[in-house]
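Visitor: just coords:
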């Protein structure tokens, strides 16, 4: 949620905090807050689409610091949008703000916008490090408080709402949690992290020992994300707040301080509310009383018992009725485990989703347009159930599906999802029709029995949705979905993908694979030394001076790839992972991809960058061969001779790579040097 201006106010007044040494304890972490802060506070690139490998390193260092101090973390994530829609206007406003941030960044301005795949990267690292986490049904604040009080341990976040909750062990704001500077006791009794812990007792005592029970009313009156009561402004216009103060305050914080001093006069919320109503019109009393009491309930502990889930992940905690009535058991459990994204529960319950903006060319259609065909099929899987499975050739004006329309009788059965996405520099709602596709062996389909459909049928369904040939299945398992998505991207991207775009992306993927070989325990062969030489060469390329102004059209093309990859991962998980989920922690680095693109355009050959390592060269050839050459032949005819020459070069290069690849050893050869590339499955 967030209480307007409160974090600034308490940050200026450290009398509200206690200095603590955090060690030998459990700690409950606000997951959404943490991955934002770790990315933004680490100075990682925000222009070029995310530095996920460097972000991975930061996440690992953070949890390593906790481990060194014997701090056991439990991470709790927000789920989907609240089904009551009480925060809908706030969500729309934040979406508008993100669009503006993306536009400003694309023009070289400042601002912070989280790169698209960051939450997925964060969760994959948690899986690798075996850090337990849970994903709530909607906003996680109340569940976090309940869990922390059950364990009597602190909460780690940077959300002002936690100044209002009554936490037994307090709330440690992330900006006062010095995890990068671990301190070791001189008596060797262990290490600790120095932190400042907000004390609700200190806070209440300062304001004439105000009753803790009045703090939720303060939060609602001061304005949190749920409040939309214009009539309350009459109260603030007419009431005279006490002026007494003994702490520093700016003009913006005088309302916070005055309101707290005023509330301290009353013994409980009921008495305070009746005094507030005196300043309002008589006909407003009942509505305002009802709304204030309802909003204050958001600061009570929840009925959800997450301790049972952390003890046994197959035991699901309480599920909201809105979800339980529409989702089968396996979907509910996958959502709680964080295996399915909140995006899917929003679609299922609300038939409404918000698509995340990226740094791209706002003069072009949203990069999310490139993955529309994937989303339509996901919507069909979620919303059609127990119906004859037929291919509905839905006639969207901008759809690439084509085909005949549907008759009036079928129209009544069509499901639509409202998508909120960027249109130029504004937020626009579009009604998108779901597509129900046929599984090979199924006469009927239901979400309940989807996991029982054969793996081969689910793979065929996935590849068909991505418009990808089964050839990608010859690749190592952990790269199959990535290359299938890449084929889909090449086929649908606008502006069109060039050979430079494709090679830059594939070189980045190769670099990630080389990193895994280098860091695999026990590698010391001459082949590994060759790999390290090439990896170091590529790393030096990455570390060169700043690239200059962002090429927003190049950024737009790669943003489309990220959108396709994210939706491809979502669809694969909804299909119960017929293909392994790719390890995206080392898969993509936006700044590196842009650097590679510049190098390739300056006539540096991709093969030259990998010279000296047969493993690296063969991997690039094999990945390139997985992209059908005819994708590049489908480009629009250009009047420009140089563009025509570029097309011919692209076609001949890919054709050459395909021929060369026919002479390479197969991926399944027991003696194949590519065996070193196999990685763990992050399912």
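Guide: Everything's here; your move. Every value quoted in this text rests on a predicted model; they were computed, and no experiment measured them.
Visitor: Now do the strands in the stretch 401-550 of the chain.
Guide: 416-423, 426-433, 444-445 (DSSP state E, counting those that start in this stretch).
Visitor: Go ahead and measure how far the shortest one is from the middle of the chain.
Guide: Mean-position distance between strand 444-445 and its chain equals 31 Å (CA atoms, centre = their mean, to the nearest Å).
Visitor: helices or strands up against that strand?
Guide: strand 387-388 (3 or more CB pairs under 8 Å, 6 or more residues apart in numbering; DSSP states H and E). Bear in mind the C-beta positions are built from the backbone N, C-alpha and C, glycine included.
Visitor: thinking again about what came up before, mean pLDDT lowest for which of the strands of the stretch 401-550 of the chain?
Guide: Ranked by mean pLDDT, the strands of the stretch 401-550 of the chain end with strand 444-445 at the bottom, a mean of 74.
Visitor: returning to what we had before: pick the most deeply packed of the strands of the stretch 401-550 of the chain.
Guide: strand 416-423 (a mean of 19; mean count of other CB atoms under 10 Å).
Visitor: Now tell me what touches it from outside.
Guide: 92, 95, 99, 102, 347, 351-355, 357, 362, 366, 368, 375, 379, 383, 427-434 (CB atoms under 8 Å, 6 or more residues apart in numbering).
Visitor: Which among these count as buried?
Guide: Buried members of the contacts of strand 416-423, scored by 16 or more other CB atoms under 10 Å, are 95, 99, 102, 347, 351-355, 357, 362, 366, 368, 375, 379, 383, 427, 430, 432-434.
Visitor: Please name the residues that touch the residue nearest to residue 479 when sequence neighbours are not counted.
Guide: Excluding its sequence neighbours, the residue lying closest to residue 479 (CB to CB, 6 or more residues apart in numbering) is residue 582, at 6.9 Å. Residues near residue 582 by CB under 8 Å, 6+ apart: 478-479, 481-482, 565, 569, 682.
Visitor: go again using 10 Å as the cut-off
Guide: Going by CB atoms under 10 Å, 6 or more residues apart in numbering, residue 582 touches 120, 124, 477-485, 509, 512, 565, 568-569, 572, 588, 679, 681-682.
Visitor: what distance separates stretch 174-184 from the centre of its chain?
Guide: On CA atoms, centre = their mean, the centre of stretch 174-184 falls 25 Å from that of its chain.
Visitor: Go ahead and confirm residue 354 touches residue 93.
Guide: No: contact criterion CB atoms under 10 Å: residue 354 and residue 93 do not qualify, at 11.5 Å.
Visitor: what about the strands in the stretch 1-150 of the chain?
Guide: 17-22, 25-30, 71-77, 133-135.
Visitor: can I get the ones you listed in a markdown table with mean neighbour count, distance to residue 593 and mean pLDDT?
Guide: What follows is these, written out as a markdown table (neighbours: other CB atoms under 10 Å; distance: least, CB to CB, whole Å; pLDDT from 0 to 100):
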| stretch | mean neighbour count | distance to residue 593 | mean pLDDT |
| --- | --- | --- | --- |
| strand 17-22 | 17 | 38 | 95 |
| strand 25-30 | 22 | 31 | 98 |
| strand 71-77 | 22 | 28 | 98 |
| strand 133-135 | 22 | 29 | 96 |
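Visitor: Tell me which of those lies nearest to residue 111.
Guide: strand 25-30 (22.4 Å; CB to CB).
Visitor: Need the nearest residue in space to residue 458, chain neighbours excluded.
Guide: Nearest residue to residue 458, sequence neighbours excluded (CB to CB, 6+ apart): residue 578, at 3.8 Å.
Visitor: contacting residues for that neighbour?
Guide: So residue 578 contacts 453-463, 480-481, 572 (CB under 10 Å, 6+ apart).
Visitor: Which members of those residues are classed as buried?
Guide: 453, 457-463, 480-481, 572.
Visitor: doesn't residue 514 make contact with residue 529?
Guide: No: with contact defined as CB under 10 Å, residue 529 does not reach residue 514; the gap is 12.0 Å.
Visitor: what residues do these two have in common as contacts?
Guide: residue 613.
Visitor: still on that earlier bit, the residue nearest to residue 458 belongs to a helix, doesn't it?
Guide: No: counting by DSSP: H, G, I helix; E, B strand; the rest coil, residue 578 is not part of a helix but coil.
Visitor: pLDDT value on it, please?
Guide: 98.
Visitor: ok, the residue of the chain most remote from its centre - contacts?
Guide: No residue in the chain sits farther from the centre than residue 282, which is 46.2 Å out by CA atoms, centre = their mean. Residues near residue 282 by CB under 10 Å, 6+ apart: none.
Visitor: how many other residues sit next to the closest residue to residue 20 other than its chain neighbours?
Guide: In this structure, residue 20 finds its nearest non-sequential neighbour in residue 197, 4.6 Å apart by CB to CB, 6+ apart. By other CB atoms under 10 Å, the residues close to residue 197 number 21.
Visitor: So residue 302 versus residue 146, what's the distance?
Guide: Using CB to CB, to the nearest Å, residue 302 is found at 5 Å from residue 146.
Visitor: for residue 49, same thing?
Guide: In terms of CB to CB, residue 49 sits 37 Å off from residue 146.
Visitor: Show me which of these two is the more surrounded one.
Guide: When neighbours are counted by other CB under 10 Å, residue 49 comes out ahead of the other of residue 49 and residue 146, with 26 against 20.
Visitor: And the pLDDT for the more buried one?
Guide: With respect to pLDDT, residue 49 has a value of 95.
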